[in-house]
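> Model the structure of this input:
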Amino acid sequence: MCTRNLVRKYCCGVSAEWKAMMQQKVVTSEIFRGKKEGYAESLNQPFANSRLGEGDINPKVLQLLGSEKIQYSVPVFKYDRKGFKVRQRQLLLTQKAAYVVELAKIKQKIEYSALRGVSTSSLSDGILVLHVFPEDRQQKPEPTLSSPQGDAILQCKHIFEVVTKLAMLAKKEHTVSVVHGSLQFYISPGKEGTIVFETGPEEQVYKDKNGQLTVVSVRMKS
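Residues are numbered from 1 along each chain as shown. Sure, this is the predicted structure:
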């Protein structure tokens, strides 16, 4: 009875914010445990509500979002699908969609209904690919947004946090794939690209001689 009372007292004292984070950690475990390097080390790192303050997001972007409230935001690097040039961006997640933002512009909007899945590698890199149904990309874009063509190739420091929050908001936890070796991504109708994941003495991301994006990460010590 004493133990039961102590457990009840602890549970009653858990804040709503802490409970929400623990629920997110459970989803992270379901997605990544035993599949991706760095998962064990991430267990004692609390998730943040957001990685950007409202002051870090351009007012014009907030205006474009209208009544959509940002649920999570994080700085990311985006790789072009053609040429793989790297660009600094922000990833904003609302209840309805993921937005890839450049300064005062929304460069890509991916509605969760059009999100086919999310891929990341089994290594310690921070790459994630947002896969979109090709047929949904043929619709006319909204006047204020650029056309959301092709899958989005992103890289961030908080990979477990980002993928978990995205998967939960989109309600697509079971569409997250942790891949080994390589993955294919959609560029345009009838055209795909390849990302190759390797380990090496130092971290690198580059376009190789075969025209593929090669991501090299340092193998973590077990």
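
> What average pLDDT does stretch 160-180 get?
Taken as a whole, stretch 160-180 has a mean pLDDT of 97.

> And stretch 22-31, by the same measure?
95.

> just how off-centre is it within its chain?
15 Å (C-alpha atoms, centre = their mean, to the nearest Å).

> Going by neighbour count, list what's buried in it.
Q24, K25, V27, T28, I31 (16 or more other C-beta atoms under 10 Å). Quick note: C-beta positions are derived from backbone N, CA and C, even for glycine.

> quick one: which of those is nearest to I127?
I31 (15.2 Å; C-beta to C-beta).

> For that closest one, which residues are in contact?
V163, T164, A167, E173, V176, V178 (C-beta atoms under 8 Å, 6 or more residues apart in numbering).

> In its sheet, which strands sit next to the helix or strand where the last one lies, and in what direction?
So the one you mean is V178. Assigned by DSSP states H and E, V178 falls within strand 176-179. The strands that strand 176-179 pairs with in its sheet are strand 115-121 (parallel) (by DSSP bridges).

> tell me the mean pLDDT over the next helix or strand after the partner strand?
Later in the chain than strand 115-121, the nearest helix or strand by DSSP H and E is strand 127-132. The average pLDDT for strand 127-132 rounds to 97.

> Mind checking what helix or strand follows strand 127-132 in sequence?
Per DSSP H and E, the helix or strand that comes after strand 127-132 is strand 152-155.

> hmm, back to that, can you redo the contacts of I31 as TSV with neighbour count and distance to E41?
TSV is the format used below for those (neighbours: other C-beta atoms under 10 Å; distance: C-beta to C-beta, whole Å):
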residue	neighbour count	distance to E41
V163	24	16
T164	25	15
A167	22	20
E173	16	22
V176	21	19
V178	17	16
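
> and the strand holding V178, how far out from the chain's middle?
Using C-alpha atoms, centre = their mean, the offset of strand 176-179 from its chain centre is 12 Å.

> So what touches that strand?
Here strand 176-179 has contacts from 31-32, 35-36, 117-122, 163, 167, 183, 197, using C-beta under 8 Å, 6+ apart.

> which residues in this protein form helices?
For the chain, the helices defined by DSSP state H cover 2-13, 16-32, 39-42, 59-65, 159-170.

> Could you say which of those helices is packed most deeply?
helix 159-170 (a mean of 22; mean count of other C-beta atoms under 10 Å).

> Contacts for that one next, please.
With C-beta under 8 Å, 6+ apart, helix 159-170 has contacts from 24-25, 27-28, 31-32, 36, 38-39, 42, 47-48, 71-72, 74, 76, 91, 93-95, 98, 112, 115, 118, 120, 125-128, 130, 156, 173, 175-176.
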